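>>> sequence plus the predicted model coming up.
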Amino acid sequence: MDTVVLLRAVPDPVEELELDDTGTDLDRDFLGFVLNEFDDHALEEALLLKEDAGGTVTVVALGTADEVDQMLHTAVAKGADAAVKLGDDLGALDAHAQAELFSAALADRSPDLVLCGVQASDELDGQVAMLVAAKLELPHVSVVVATAPAAEGLTVTKEYWAGITADFDVSLPAVLGIQAARQAPRYVAVSRIRQAQEAGLLEEADAEPAGPSSGVRVVGLRIPDVGDGAEMLPADEEEAADRIVELLRAAGVGGPS
Amino acid sequence: MSGNILVVTEHLSGAFTDATFELLALARNLAGVSGAEVDAALIGNSVEGLVGELGVADRVLLIDDPALESFNPVGHTASVVSLVDATEPRVVLVPYTSTGMDIASHVSAQCGLPLVSYCQSVDASSAGLSATCQLYAGKLLADVEVDGDRAVFAMLSGAAPAADGRREGAPAVEARAAPPEAAASTTRFRALGEPEAGDVDITAQDVLVVVGRGIDSEDNIEEAVELAEVLGGAVAASRPIVDQGWLPKTRQVGKSGLTVKPKVYLALGVSGAPEHVEGMRDSSTIIAVNTDPHAPIFGVAHYGWVGDLFDILPELTDRIGG
């Protein structure tokens, strides 16, 4: 089974986000990007399937950030057989534009299986995983939390809510939006990533985005006004801890008030 | 174009989800502004008995077919696409849930409509369609406008009160044939899986100490466990912690985990992504600790402290346990 995993670089979720002068986009100059965590799970699931059933894993990413090369080398170090970077210096692309570029690259490769994180924190105009499925007209399941090789294709577990899941038989080729791999994504030593980088496996392919295609325009980005919500406790941790203990006891937990 | 608002309903084992009623309530609000009619898409097998619960809708678009007995990512998606093509609604409301995530992007791609995702509110006035969306795990709000006069909106939980969408009635029913993709689908439902039983029921606790990404490592969870023990409660977690395998799924709060309403919800290093907030916002007292003063958790918390959770955690354990 030949699997392609789509990887996206997204703003680091632990960084503070700042807006640019237009107020409609992030200030991307000093922003750090990391692999979308759901895509990391998609890669893990692909590697597990390869261990189960053989085949190859190819990772494909769009050249939207400086960190993308490192992301792809890391995937190779973890066990991907090939890595492809589509375009370079593409800058921010909406989900429809990303799906268009990924779909074009996939059509050339005809993999048995396409895995992609179920969502990304910047997917304002749709989920790339399912947009790719729609463009390629392939069977699809999103919010997948496990896969297993079956006689014809895969058995796929989709998560609903409150711990309820549904199992599906899926014929291949298919596109799956991965919520979580069967196990936590594996770690890889920096030395292995360096080896992967030096092995020079990274293939670069041209990709030209056709321009904004989603029909969704951001007219303003803003930080939610959280001041209305919480009463902020004193900065000093001793005072804050005293206050929290008072609050706990007033609510009837943690001993008598 | 009909100008109508189409709600994609969602049901499992014969019962509609809360998300369905929230969207019906939202659709009714939007229709009140524009004078449009509200259509509800009801897709399944032998589901006509559910029509009476959709009293908020003016009309139910029913696709009833044995091939659609259980939710089928391919068959249900193709059914919604066929209804959108046939009735050309102005607004399509899809829940941003496990089923909606298969459907929404396909309707956008196959019907050629803009899709606005992560929506917390929608405006459908005569001036045009616009929405407010939670991006970057709720850290930023995006005000967006839609080009053209029709669009699909994937709605986060909480867009309108579900209670406002629950009304019995007898809306007109328009039955339509299932699209050929439903019977031809090579994706086949096998079985539902029930949640595994955990050692602790986090929905039954008076106090939850909830750890998020800020807990930083599996080893640090022990500190939170100590506090939970002296409080007589339990430790719960946000999704990233469970996905890392640091705590079992039965401890997960949020959209894909459990919904909890303890007396006290103490959130340590939980940023407050919309999927998390969905599962805890009705807790009686919410106290949040986070290093980021802009963390969205402070928008839902009653009390907040900006700082390092490892500075305050031992202080709390000492005071309560001491």
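Thanks, I have the structure now.
>>> so how far is A:Asp112 from the most centrally placed residue in chain B?
For chain B, B:Ser157 is the residue whose C-alpha lies nearest the centre (C-alpha atoms, centre = their mean; 4.0 Å). To A:Asp112, B:Ser157 is 35 Å away according to C-beta to C-beta, to the nearest Å. Every C-beta, even on glycine, is put in place using the N, C-alpha and C of the backbone.
>>> what's the answer for B:Thr20, then?
Taken as C-beta to C-beta, the span from B:Thr20 to A:Asp112 is 36 Å.
>>> the two: which has the busier surroundings?
Using other C-beta atoms under 10 Å in any protein chain shown as the criterion, B:Thr20 and A:Asp112 rank with B:Thr20 on top: 27 against 15.
>>> please list all residues in contact with the more buried one.
By C-beta atoms under 8 Å, 6 or more residues apart in numbering or on different chains, the contact list for B:Thr20 reads B:7, B:9-11, B:95, B:165.
>>> can we see that at 6 Å?
Going by C-beta atoms under 6 Å, 6 or more residues apart in numbering or on different chains, B:Thr20 touches B:9-10.
>>> over to B:Arg188?
For B:Arg188, the contacting residues are A:Asp169, by C-beta under 6 Å, 6+ apart.
>>> return the set of residues that bridge with it.
For B:Arg188, the beta-bridge assignment (DSSP bridges) gives partners A:Asp169.
>>> the helix or strand containing A:Cys116 close to chain B?
The secondary structure element spanning A:Cys116 is strand A:113-117 (assigned by DSSP states H and E). No - contact of strand A:113-117 with chain B (C-beta under 6 Å from any C-beta of the partner chain) is absent, the minimum separation being 11.3 Å.
>>> and for the helix or strand that that strand is followed by, what's in contact with it?
Under the assignment DSSP H and E, the closest C-terminal helix or strand after strand A:113-117 is helix A:128-136. The contact list for helix A:128-136 (C-beta under 6 Å, 6+ apart) reads A:95, A:98-99, A:102-103, A:116, A:140, A:142, A:175, A:177, B:105-106, B:109-110.
>>> tell me the mean pLDDT over helix A:128-136?
Mean per-residue pLDDT for helix A:128-136: 97.
>>> relative to strand A:113-117, how tilted is that helix?
Angle of helix A:128-136 versus strand A:113-117, following axes from the mean of the first three to the mean of the last three C-alpha atoms, to 10 degrees, is 150 degrees.
>>> next up, phi/psi of A:Glu208, please.
A:Glu208 adopts backbone torsions of phi -120, psi 110, taken as degrees, to the nearest 10.
>>> tell me how far the closest residue to it other than its chain neighbours lies from A:Gly254.
Using C-beta to C-beta, 6 or more residues apart in numbering or on different chains and skipping residues adjacent in sequence, the residue nearest A:Glu208 is A:Gly87, 7.0 Å away. According to C-beta to C-beta, A:Gly87 and A:Gly254 sit 56 Å apart.
>>> got it, and A:Leu47?
Going from A:Leu47 to A:Gly254 by C-beta to C-beta gives 45 Å.
>>> low-confidence stretches in the stretch 101-250 of chain A?
Applying pLDDT under 70 to the stretch 101-250 of chain A flags residues A:212, A:226-228.
>>> strands along that one, start to end?
A:113-117, A:140-150, A:153-159, A:165-170, A:174-178, A:202-205, A:216-222, A:231-232 (DSSP state E, counting those that start in this stretch).
>>> what lies in contact with the third one?
Spelled out, it's strand A:153-159. Contacts for strand A:153-159 (C-beta under 6 Å, 6+ apart): A:141, A:143-148, A:165-172, A:179, B:256.
>>> if you count surrounding residues, which of A:Gly87 and A:Gly254 has more?
Comparing A:Gly87 with A:Gly254 by other C-beta under 10 Å, the one with more neighbours is A:Gly254, at 25 against 20.
>>> that one against B:Glu229, yeah?
No - using C-beta atoms under 6 Å, A:Gly254 is not in contact with B:Glu229; the gap is 11.3 Å.
>>> identify the contacts common to these two.
In contact with both A:Gly254 and B:Glu229: no residue, using C-beta under 6 Å, 6+ apart.
>>> separation between A:His96 and chain B?
A:His96 is 8 Å from chain B, where distance means C-beta to the nearest C-beta, to the nearest Å.
>>> typed the wrong thing, it's A:Trp161
A:Trp161 is 6 Å from chain B, by C-beta to the nearest C-beta.
>>> tell me the contacts of that residue?
By C-beta under 6 Å, 6+ apart, no residues touch A:Trp161.
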